[in-house]
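Undergrad: Have a look at this prediction, sequence included:
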Amino acid sequence: MGRLHCLFFRLFAAALLAAASVAPAAAQDVRLKDLGRFLGWRDNALTGYGLVTGLAGTGDSSHNRPSRQALANLLARMDLAVSPEELESRNVAAVMVTATLPPAAFVGDRLDIAVTSIGDARSLAGGHLVLTSLQGPDRRIYALAQGPLTVGGYRFDAEGNQALKNHPTAGRVPQGATVERAVAADITGPGNELVFVLRQPDVTTADRIADAVAAELGLPVFAEGPAAVRIAVPQDQRTALNRLIARVERVRITPDQQARVVVNEKTGTVVAGGDVRVSAATIAQGDLKVQVTAEVSASQPGYIGISGAGVRSLAITNTRLAAAEGQAPAVAVFPNTTVGDLVQALAKLRVSTRDLIAILQALRTAGALHAELVVQ
């Protein structure tokens, strides 16, 4: 059986050698729009503190003073003078409201908001968010939020029993915020220039972008390190900047890719580029299982007629070690190939993902894997 296993390994390795002689597929061109963004084009975080009302007794308890104080302040704005100590309702919960303001927004645009409890509320299901102002980092109000919550879970308590699903203390209000202050991204620098920022910095890719944009648009362009490409904007095109940006985004290049293999030992996931090369290597895998078992027995002196003031029961632990070796070790000789072919070959030979990860780590240590190995 061991000889047949080794023979199958060698036959499959020969098939890999024939497959490795085929030239890899050429990389495809990609739009610049898919490789990065222009400096200044970014989202803006908004936050606010509010109240959710209408809860069925699942809100904050009376011990949560910030919640009672916020409710008293809300009622005071409606000409109702109530002290926080007089509020005992559990139908209200203090929440934190967050939203993302896009780089360009006009007054009246709608935003999705996320609502999370910050007190001791048990559930926000069925609640309604009261009008809440959303502020930016500069403490200016950019949007107002309000509306019924959509919660993907629930919690019910009765007679000491509890039924819980997902996270009932977090919810969303689709299109629940209205933009009250318009924002516009400023993507031109002080020298009237555009800076294209790469999502994955790479010197070769940045140089290719500079050459492609200069050839396509005929503008002064130069790569500013591996992460940015600076594009000079002519005087006659500054009034039609949007058209210039659209032309830059449509330029296509072939990005350079760094050889990298990512493995996750927790989930047994292996992700690698199709052209990551592996030099000729010999892989030997054995299967040795070592099992240690412990048996605990008790000595009872009373059962055998031995008793006395100082005589006690004694627990005795006996251990046994058993070593079992599986099938004959599998040995495979792989030619110059790719990680993709290697993984497919080992998978067809029923090598487990855990063993595959160990093999890749050993190949990297041996210098046969020509890629960066990232272990998560």
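TA: Nice, thanks for sending it over. Residues are numbered from 1 along each chain as shown.

Undergrad: so where do the helices sit in the stretch 1-150 of the chain?
TA: With DSSP state H, counting those that start in this stretch as the criterion, the stretch 1-150 of the chain has helices at 2-20, 65-76.

Undergrad: Check the ones you listed for me: which has the lowest mean pLDDT.
TA: Ranked by mean pLDDT, the helices of the stretch 1-150 of the chain bottom out at helix 2-20, with a mean of 44.

Undergrad: what residues are up against residue 115?
TA: Residue 115 is in contact with 50, 52, 95, 96, 97, 124, 129, 149, 170, 171, 172, 173, counting by C-beta atoms under 8 Å, 6 or more residues apart in numbering. Where you see a C-beta, it was placed from the backbone N, CA and C, and this is true even at glycine.

Undergrad: Any quick ChimeraX command for the buried ones out of those?
TA: The ChimeraX command for the buried members of those (criterion: 16 or more other C-beta atoms under 10 Å) is given here:
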select :50,52,95,97,124,129,149,170,171,173
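
Undergrad: with the contacts of residue 115 in mind, which one is nearest to residue 352?
TA: residue 170 (37.6 Å; C-beta to C-beta).

Undergrad: Read off the pLDDT value for that closest one.
TA: Looking at residue 170, its pLDDT is 89.

Undergrad: re earlier: among the contacts of residue 115, which ones are in strands?
TA: 50, 52, 95, 96, 97, 129, 170, 171, 172, 173 (DSSP state E).

Undergrad: Quick one: those as JSON lines, columns for distance to residue 63 too.
TA: As requested, those are exported to JSON lines (distance: C-beta to C-beta, whole Å):
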{"residue": "50", "distance to residue 63": "20"}
{"residue": "52", "distance to residue 63": "18"}
{"residue": "95", "distance to residue 63": "17"}
{"residue": "96", "distance to residue 63": "19"}
{"residue": "97", "distance to residue 63": "23"}
{"residue": "129", "distance to residue 63": "23"}
{"residue": "170", "distance to residue 63": "21"}
{"residue": "171", "distance to residue 63": "23"}
{"residue": "172", "distance to residue 63": "28"}
{"residue": "173", "distance to residue 63": "27"}
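
Undergrad: Please identify the one among those that lies nearest to residue 234.
TA: The closest of these, once distances to residue 234 are taken by C-beta to C-beta, is residue 97, at 44.6 Å.

Undergrad: Quick check: closest non-adjacent residue to the closest one.
TA: residue 48 (4.4 Å; C-beta to C-beta, 6 or more residues apart in numbering).

Undergrad: And the strands in the stretch 101-250 of the chain?
TA: Secondary structure of the stretch 101-250 of the chain (DSSP state E, counting those that start in this stretch): strands at 110-117, 128-135, 141-148, 154-158, 161-165, 170-179, 193-198, 221-223, 228-232.

Undergrad: Keeping just the C-alphas, turn the last one into PDB.
TA: As requested, the backbone C-alpha atoms of strand 228-232 are provided in PDB (Å, rounded to 0.1, in the frame of the first residue of the first chain):
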ATOM      1  CA  ALA A 228       1.300  58.500  -4.200                       C
ATOM      2  CA  VAL A 229       1.400  59.900  -7.700                       C
ATOM      3  CA  ARG A 230       1.300  63.600  -8.200                       C
ATOM      4  CA  ILE A 231      -0.400  65.100 -11.300                       C
ATOM      5  CA  ALA A 232       0.000  68.700 -12.200                       C
END
